[in-house]
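Enquirer: After the sequence you'll find the predicted model.
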Amino acid sequence: MGACSLQVEYPGRECMLEQNEEFFHLVTDDGPERIRIHEYDRVYDVPGLYEEVVYNRLQCDSPHVITGLLKDAIQRHGDMKTPLRVLDFGAGNGIVGECLQDAVETEAIVGIDIIDQAKTAVHRDRPDIYDDYYVMDLSEVDEGDQQKLDRWNFNALVTVASLGFGDIPTRAFVNAFNLIENRSWIVFNIKDRFFSEDDDTGYNKILQQMIGNSLKVYKKHHYCHRLSMAGEPLHYYAIVGRKENDF
């Protein structure tokens, strides 16, 4: 990500907080404003702020890691001639969609997020990435939303840095999974704790049930998602596979 002219102050190594509680200060004419990284509605309101904090300062590389793994899996196991119709679930301000566009051949990329500020940021910062972008809560999909999504005939689901921490509940992830055609690519990442016996989000149970029954996994990759505010690596699992049937 490029350089940013925003003035941001960071708490440093003393900031030993849970990942979703980490914060920084944005210096404005009215003084420093304390903002949590996961306070997405506020972060997306400021052009370049998310990129400056998460990508430049904290060295997040997950969009490139996930889309690179998808590209590798298609080359090894897939049909390179079939362009992807991708549902980017938890699309945020469009960084993942941008990486998808660079990494793989796509027929369509459609974004979904739960907050209006994400869609506004995409239209402001990356207006040419998505074929459509919906503000929806997939925890409860009504008939109208179902029809809007079904018409795309998605053959890939991508979810980056959105599972756990209350951002995307397990029910919403399952509903997104079930929207996708059988034999579709499924690519996501998740904090390693949420994919272990120490999980308290419900994701480990769901994923363990899903894998081998509804999802065939080609690769499980453990890597550094980004640094914490204290400079420590935050490790995630990246999962690449194909949907076999609804869950």
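Expert: All right, it came through fine.
Enquirer: Look through this structure and tell me its longest strand.
Expert: strand 215-227 (DSSP state E).
Enquirer: elements contacting the helix or strand just after it?
Expert: Counting by DSSP states H and E, the element after strand 215-227 in chain order, helix or strand, is strand 233-243. If you count contacts as 3 or more CB pairs under 8 Å, 6 or more residues apart in numbering; DSSP states H and E, strand 233-243 packs onto helix 62-77, strand 185-191, strand 215-227. Where C-beta positions appear, they are placed from N, C-alpha and C, glycine not excepted.
Enquirer: Does residue 134 belong to a helix, a strand or coil?
Expert: When classified by DSSP: H, G, I helix; E, B strand; the rest coil, residue 134 comes out as strand.
Enquirer: gap between it and residue 226?
Expert: Distance of residue 134 to residue 226, computed by CB to CB, to the nearest Å: 27 Å.
Enquirer: try residue 154
Expert: For residue 154 relative to residue 226 (CB to CB), the value is 28 Å.
Enquirer: dump the residue contacts of the closest residue to residue 22 other than its chain neighbours.
Expert: Nearest non-adjacent residue to residue 22, counting by CB to CB, 6 or more residues apart in numbering: residue 229, 4.6 Å away. For residue 229, the contact set (CB atoms under 8 Å, 6 or more residues apart in numbering) comprises 10-12, 15, 17, 22-24, 58.
Enquirer: Burial check on the closest residue to residue 217 other than its chain neighbours, number of neighbours?
Expert: Excluding its sequence neighbours, the residue lying closest to residue 217 (CB to CB, 6+ apart) is residue 241, at 4.1 Å. By the criterion of other CB atoms under 10 Å, residue 241 has 21 neighbours.
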